[in-house]
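A.B. asks: Sequence isn't available, so here's the structure alone:
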Ligand SMILES: Nc1ncnc2c1ncn2[C@@H]1O[C@H](COP(=O)(O)OP(=O)(O)OP(=O)(O)O)[C@@H](O)[C@H]1O
Ligand SMILES: [Mg+2]
């Protein structure tokens, strides 16, 4: 097999577009290093992420994987150490303090995990929702009608005259969503918005986020520990050690009776440099370590353990991962599992 770099392509390569040209959120090799007491923590290690306008995406990952770090950067609350980040045509690395404030007010809506942090305790639900619109210079009558409309969309119209102390945790978070989108931001960010709620209430809040995404078109990115969320959103991105690693897409197929079935399809992320992280559950049983052999097939790429005997215990037991795994089948269905639940 000729090295890929020197092999002539069958046709001229397609015209290259700039990375993330059409995306609303573009993270390009994002790095964030914290230094505390002389010790460096690399919270983001060259993270790439593209989110299109109108998408509803969940971001999952173990504690300490860099989720909050990423969301704080996207919210304009923190700046990356290296790499570039663009949201709605705004380059977040090069903003002045004034631009940052405008960005946070106009482009981004934010929901914190702590219900008490999202709403002012001495204002009613209605007043909490109208407040950001006062800063946004919306007229009094428009403020009132939009607040009423938003509280209705989020099924918390009954909380209009209650203060947060008179609302349940779920009602507070749904009111917080209304506050966050009051000024029609392009992006709604939520860091563990259901972290303090029980699972039934959490499902309500996810439902509310889905509703605002569908009804207002706002792009939504939710950080969550709740693994059940991937059944609720179309796209789940897993982050591990400060990089995006695996994506799960919920795909719908319709059978001959017109019945829709949802499949969860897992994809490995292929980064800009063409790097692919092979899941350990797949590499370990085959003794894949240090290096693997690749073979190009017409519709997939085969990945074999190193057969030279230098590494691995399963050397020589060649197997095409492409047929069943995620490694060789980027673009074709990977590890599909049918869930069958309704949309
Ligand atoms: N201000 C800070 N100073 C130093 N280190 C930090 C700081 N904030 C975060 N870190 C470190 O950066 C890494 C990523 O933290 P981050 O808060 O982004 O993780 P996370 O994925 O949100 O975790 P969790 O699920 O627990 O909220 C961790 O190792 C954390 O200890
Ligand atoms: Mg966090």
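C.D. replies: Received, thanks. The structure presented is a predicted model; accordingly, all values stated were derived computationally and were not measured. Numbers count the residues shown, from 1 in each chain. Ligands and ions are numbered 1, 2, ... in the order given.

A.B. asks: ok, now which ones touch residue 91?
C.D. replies: Listed by CB atoms under 8 Å, 6 or more residues apart in numbering, the contact set of residue 91 reads 84, 85. Just so you know, the C-beta spots here come from the backbone N, C-alpha and C atoms, and that holds for glycine as well.

A.B. asks: let's go with 10 Å and repeat that
C.D. replies: Residue 91 is in contact with 26, 84, 85, 99, counting by CB atoms under 10 Å, 6 or more residues apart in numbering.

A.B. asks: Of those residues, which pair is most distant in space?
C.D. replies: Within the contacts of residue 91, 26 and 99 form the most distant pair, 17.6 Å apart (CB to CB).

A.B. asks: rewinding a little: narrow the contacts of residue 91 to those in strands?
C.D. replies: Of these, the ones assigned to strands by DSSP state E are 26, 84, 85.

A.B. asks: Distance to ligand 1 added to these, as TSV?
C.D. replies: Listed next are the ones in strands among the contacts of residue 91 as TSV, based on distance: CB to the nearest ligand atom, whole Å:
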residue	distance to ligand 1
26	19
84	19
85	15
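
A.B. asks: need these in TSV with neighbour count, can you?
C.D. replies: As requested, these are arranged in TSV below (neighbours: other CB atoms under 10 Å):
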residue	neighbour count
26	23
84	16
85	23
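
A.B. asks: Please report phi then psi for the residue in the stretch 201-343 of the chain positioned nearest to ligand 1.
C.D. replies: Using CB to the nearest ligand atom, the single residue of the stretch 201-343 of the chain nearest to ligand 1 is residue 225, 6.4 Å away. Dihedral angles of residue 225 (phi, psi; degrees, to the nearest 10) stand at phi -90, psi -10.

A.B. asks: thought it was touching residue 63?
C.D. replies: Yes - assessed by CB atoms under 10 Å, residue 225 is found in contact with residue 63 at 8.0 Å.

A.B. asks: ok, now how distant is residue 153 from ligand 1?
C.D. replies: Distance, residue 153 to ligand 1, by CB to the nearest ligand atom, to the nearest Å: 29 Å.

A.B. asks: Number the residues from 373 up from this point.
C.D. replies: Fine by me, first position is 373 from now on; the one you just mentioned is residue 525.

A.B. asks: Isn't that residue up against residue 582?
C.D. replies: No - between residue 525 and residue 582 there is no contact under CB under 10 Å: 11.5 Å.

A.B. asks: How about the secondary structure of residue 635?
C.D. replies: strand (DSSP: H, G, I helix; E, B strand; the rest coil).

A.B. asks: count of neighbours near it?
C.D. replies: Neighbours of residue 635 under the rule other CB atoms under 10 Å: 15.

A.B. asks: Residue 609 is in what secondary structure piece?
C.D. replies: Assigned by DSSP states H and E, residue 609 falls within strand 607-612.

A.B. asks: buried sites along the very next helix or strand once past that strand?
C.D. replies: Using DSSP H and E, the helix or strand that follows strand 607-612 towards the C-terminus is strand 615-626. Neighbour counts using 16 or more other CB atoms under 10 Å place 615, 616, 617, 618, 619, 620, 621, 622 of strand 615-626 among the buried residues.
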